[in-house]
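1. Fold the following.
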Amino acid sequence: MEEDMTTTPAAAVIGVLTASDRASAGIYTDESGPAIEAYLRRVLTTPFRIERRIVPDGFESVRDALIDLADNIGCDLIVTTGGTGPSPRDLTPEATLAAAPRELPGFGELMRKVSLEQVPTAILSRQLAAHRGKCLIVNLPGKPAAIELCLNAVMPAVPYCLDLIGAAWIDTDPAQVKCFRPKPK
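-> A predicted model of the protein is given here:
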């Protein structure tokens with residue numbers, strides 16, 4: 001009797017974390033988190049579920065949410081928005097590196113490059129990417145238009161990065177964003 005060796009891959013768990021004092025207090029409607037979620041629903045073709053959080057700006061709030069999403073919720077990917085500028089409360093990059101010390105500098109370099117083609121103030125953005133075990137964390141700016149621009153730039157590499165760190169398999173609609181995976185030898 002033959003065993004059925006085909007298995008359906010588990011759905012990826014994707015965290016969407018908004019860092020905003022005003023949104024977390026209910027003073028401002030979070031537009032950035034929903035923009036990330038809409039982008040992912042449009043671009044990804046494999047099953048996934050979203051775990052959304054809104055926390056105040058600051059080091060501990062962001063760090064603790066990232067650790068919880070990665071370790072307790074089991075996120076394969078966390079996409080943050082907000083807290084990447086130069087103001088004193090913008091501590092998302094520091095919190096990310098405290099939670100995920102293995103930085104992947106190319107992500108931040110590319111996001112700044114494409115953003116600088118649009119606005120000169122993009123040089124002030126400190127977004128980055130790093131991973132905590134099997135969870136990739138990508139910091140994005142807080143404006144929906146900048147989110148789309150940055151995700152379009154880095155998304156071609158995200159699925160293969162997840163493969164390399166042992167996270168869930170994700171794939172994209174090539175008509176939206178063509179992901180790159182090296183051909184097997």
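2. going forward, measure contacts between C-alpha atoms and count neighbours the same way
-> OK.
3. So what sits opposite the most centrally placed residue in the chain in the bridge?
-> Residue closest to the average C-alpha location in the chain (C-alpha atoms, centre = their mean): residue 79, at 2.2 Å. Judged by DSSP bridges, the bridge partners of residue 79 are residue 16, residue 138.
4. where's the closest residue to residue 28 other than its chain neighbours relative to residue 73, distance?
-> With sequence-adjacent residues excluded and distances taken as C-alpha to C-alpha, 6 or more residues apart in numbering, residue 28 is closest to residue 22, at 5.3 Å. Look at residue 22 and residue 73: by C-alpha to C-alpha, to the nearest Å, they are 25 Å apart.
5. What of residue 87?
-> 30 Å.
6. Between those two, which has more neighbouring residues?
-> It is residue 73, of residue 87 and residue 73, that has more neighbours when counted by other C-alpha atoms under 10 Å, with 14 against 9.
7. And the pLDDT at the more buried one?
-> Residue 73 is assigned 98 on the pLDDT scale.
8. Can you list the low-confidence ranges for the protein?
-> Where the chain drops to pLDDT under 70, the residues are 1-9.
9. just the strands in it please.
-> Taking DSSP state E as the test, the strands found in the chain are 12-19, 48-55, 77-81, 102-103, 129-132, 135-140.
10. and the last one with strand 77-81, angle?
-> Orientation of strand 135-140 against strand 77-81 (axes from the mean of the first three to the mean of the last three C-alpha atoms, to 10 degrees) gives an angle of 20 degrees.
11. can you redo the strands of the chain as TSV with distance to residue 117?
-> Putting the strands of the chain into TSV (distance: least, C-alpha to C-alpha, whole Å) gives the following:
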stretch	distance to residue 117
strand 12-19	25
strand 48-55	29
strand 77-81	20
strand 102-103	24
strand 129-132	20
strand 135-140	16
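12. For residue 27, which of those strands is the nearest?
-> Nearest to residue 27 among these is strand 48-55 (12.4 Å), distances taken as C-alpha to C-alpha.
13. Tell me the strands beside the closest one, with direction?
-> strand 12-19 (parallel).
14. which residues sit against the strand it pairs with?
-> 30, 32-33, 36-37, 47-58, 62, 65, 69, 74-83, 92, 168-170 (C-alpha atoms under 8 Å, 6 or more residues apart in numbering).
15. hmm, try it at 7 Å
-> By C-alpha atoms under 7 Å, 6 or more residues apart in numbering, the surrounding residues in contact with strand 12-19 are 33, 47-57, 62, 69, 74-83, 168-170.
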